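Engineer: okay, predicted coordinates and the sequence, questions at the end:
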Amino acid sequence: MTNKIETLYTTIATLLNTAGISNVLRIPDDIRRIGNYFPMALLQEGTQDYLLTSGQQYEYDVVMNIYIVSDVIEGQSKYMNDLQVAVFNQLFANANLSGAVRKIDPISVDPGASTQLSGILVNAGFSEACVVRQISCRIKLLDARY
């Protein structure tokens, strides 16, 4: 097998930059780098479900959670909805991230997401600090067994 997860992170980060999110970090690698650079996205790799197919190839699904974080206070619902649309327009413009994966689909969006990140508590909704929205995606990859 090859490490397709790193390619996946790079591809998603590039698309999020295009959507207007310049600060894209990984959980847990970049927790120490979280600062006041908004909007930001935190990428978290979820479960991987494998299926051995013909020809000794693995077809597997990776769940990727994308936490969009903003510090907008006035009109935050509209701002986060617009940012979500910009992210969707980039991530799901085609079904395969321009050939980087076999397929990508949204699973869910949680506009009231909360996540505990190494002692940093981030809650969605009205806060003096920030707003968080979680977008979960299912990504299908294919890899050879070596």
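Structural biologist: Noted; the coordinates are in hand. Numbers count the residues shown, from 1 in each chain.
Engineer: drop to CA atoms for contacts and neighbour counts, all remaining ones
Structural biologist: Will do.
Engineer: in the protein, what residue sits furthest out from the centroid?
Structural biologist: Within the chain, Gly55 marks the point farthest from the mean C-alpha position, 30.9 Å out by C-alpha atoms, centre = their mean.
Engineer: any idea whether the spatially most central residue of the chain is helix, strand or coil?
Structural biologist: By C-alpha atoms, centre = their mean, the chain has its centre lying nearest to Ile66, at 2.7 Å. Here Ile66 is recorded as strand under DSSP: H, G, I helix; E, B strand; the rest coil.
Engineer: please name the residues that touch it.
Structural biologist: 41-44, 134-136 (C-alpha atoms under 8 Å, 6 or more residues apart in numbering).
Engineer: who's it bridged to?
Structural biologist: Leu43, Ile135 (DSSP bridges).
Engineer: then the one 4 residues further on?
Structural biologist: In this structure, Ser70 has the following beta-bridge partners (DSSP bridges): Val131.
Engineer: what about it, how many neighbours?
Structural biologist: As a burial measure, Ser70 scores 23 neighbours (other C-alpha atoms under 10 Å).
Engineer: what's near enough to touch it?
Structural biologist: Counting by C-alpha under 8 Å, 6+ apart, the residues that Ser70 touches are 38-40, 80, 130-132.
Engineer: redo that, cut-off 10 Å
Structural biologist: 21, 36-41, 76, 79-80, 83, 124, 129-133 (C-alpha atoms under 10 Å, 6 or more residues apart in numbering).
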